[in-house]
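Chemist: fold the following for me, if possible:
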Amino acid sequence: MKKSTDYNIQYEFNTSFSEVLSDIFWPKKCIICACRSPLGRKEALCDDCIGAIRRHSMNFVEPDRHFEEAIAALPYTGTIRDAMIRYKFRGFEYLKHTFAAAIAICIEKHSFDDEYDIICPVPIHYLRHRDYNQSALIAEELAKGSGFTLIPDLLIKTKNLIPLSTMGYAMRQASVEGAIDFNLNYDIIGKNVLLVDDIYTTGSTADECCKILAMHGASKVTVLAACFADMKGDDYHADADNITV
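Modeler: A predicted model of the protein is given here:
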């Protein structure tokens, strides 16, 4: 079956009356420009910003990595950053549609249709006190609009690390080593894998995940991230306590 990466995000509307009613009284604001999103749209994006997402995106092709490239949709700044903090730490689960949509727009022009077999998220440790794995929800949304096989538990986080936002580059590299394991219930030998992350900063976590996937037979791995951040701006854990909802 031919896979499709056309997520149709511009046209994905709520069909439930209660959801539309909710939009009337609690309208979604575009995470990029903060204007009101069209009534009934699942994604917190306006038409103008949907058209501009590719101009915001970044591709990272770096030497000595275990992935082909990393494609990141949105800069982790301003209102986008606030939205990601709310999504990760404040339970704004509906934003999964928005971040999945941004990624989907960025990969529409890539030749992923017949190249990639599996999509999986960067894992979080079970001791992390969150209602959900934010990367897993984004991966699930992307899988719905494609023919990729979603395996949410392909990778396992074996160490409950302190927040990476408190570390410099070298410490991040060292801390994630050995923190990811492979779920031996699955066979990915010869398969190409899309790995979904929320924020691409140094690429340390993504690279460790890709190393494990390659060790267990993956032919090729590409990283898809909702946001990209530089080190000096990577303070979302500290700021999460100060964001007002």
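Chemist: only C-alpha atoms for contact and neighbour calcs from this point on.
Modeler: OK.
Chemist: what strands line up against the helix or strand encompassing residue 198, and which way round?
Modeler: Here residue 198 sits within strand 192-200, counting by DSSP states H and E. Strand 192-200 has the following sheet partners, assigned by DSSP bridges: strand 118-121 (parallel), strand 220-228 (parallel).
Chemist: in the helix or strand following that strand, which residues are buried?
Modeler: Using DSSP H and E, the helix or strand that directly follows strand 192-200 along the chain is helix 204-215. The neighbour-count check on helix 204-215 (16 or more other C-alpha atoms under 10 Å) flags 204-214 as buried.
Chemist: tell me the two of these that are most distant?
Modeler: Using C-alpha to C-alpha, the buried residues of helix 204-215 span at most 15.3 Å, a distance reached by 204 and 214.
Chemist: which of the buried residues of helix 204-215 sits closest to residue 227?
Modeler: Out of these, the member with the shortest distance to residue 227 (by C-alpha to C-alpha) is residue 206, at 13.1 Å.
Chemist: got the angle between the strand holding residue 198 and helix 204-215?
Modeler: Strand 192-200 and helix 204-215 are oriented at 170 degrees to each other (axes from the mean of the first three to the mean of the last three C-alpha atoms, to 10 degrees).
Chemist: what is the mean pLDDT for strand 192-200?
Modeler: Strand 192-200 comes out with an average pLDDT of 96.
Chemist: what sits up against that strand?
Modeler: With contacts defined as C-alpha atoms under 8 Å, 6 or more residues apart in numbering, strand 192-200 is touched by 72, 76, 115-122, 134-136, 138-139, 206, 210, 218-229.
Chemist: just the buried ones from the residues you listed?
Modeler: 72, 76, 116-122, 134-136, 138-139, 206, 210, 218-229.
Chemist: if I look at residue 29, how far off is residue 36?
Modeler: 4 Å (C-alpha to C-alpha, to the nearest Å).
Chemist: out of the two, which sits in the busier spot?
Modeler: Between residue 29 and residue 36, counting by other C-alpha atoms under 10 Å, residue 29 is the more crowded of the two (18 against 15).
Chemist: in contact with the more buried one, which residues?
Modeler: Residue 29 sits in contact with 35-37, 44-45, where contact means C-alpha under 8 Å, 6+ apart.
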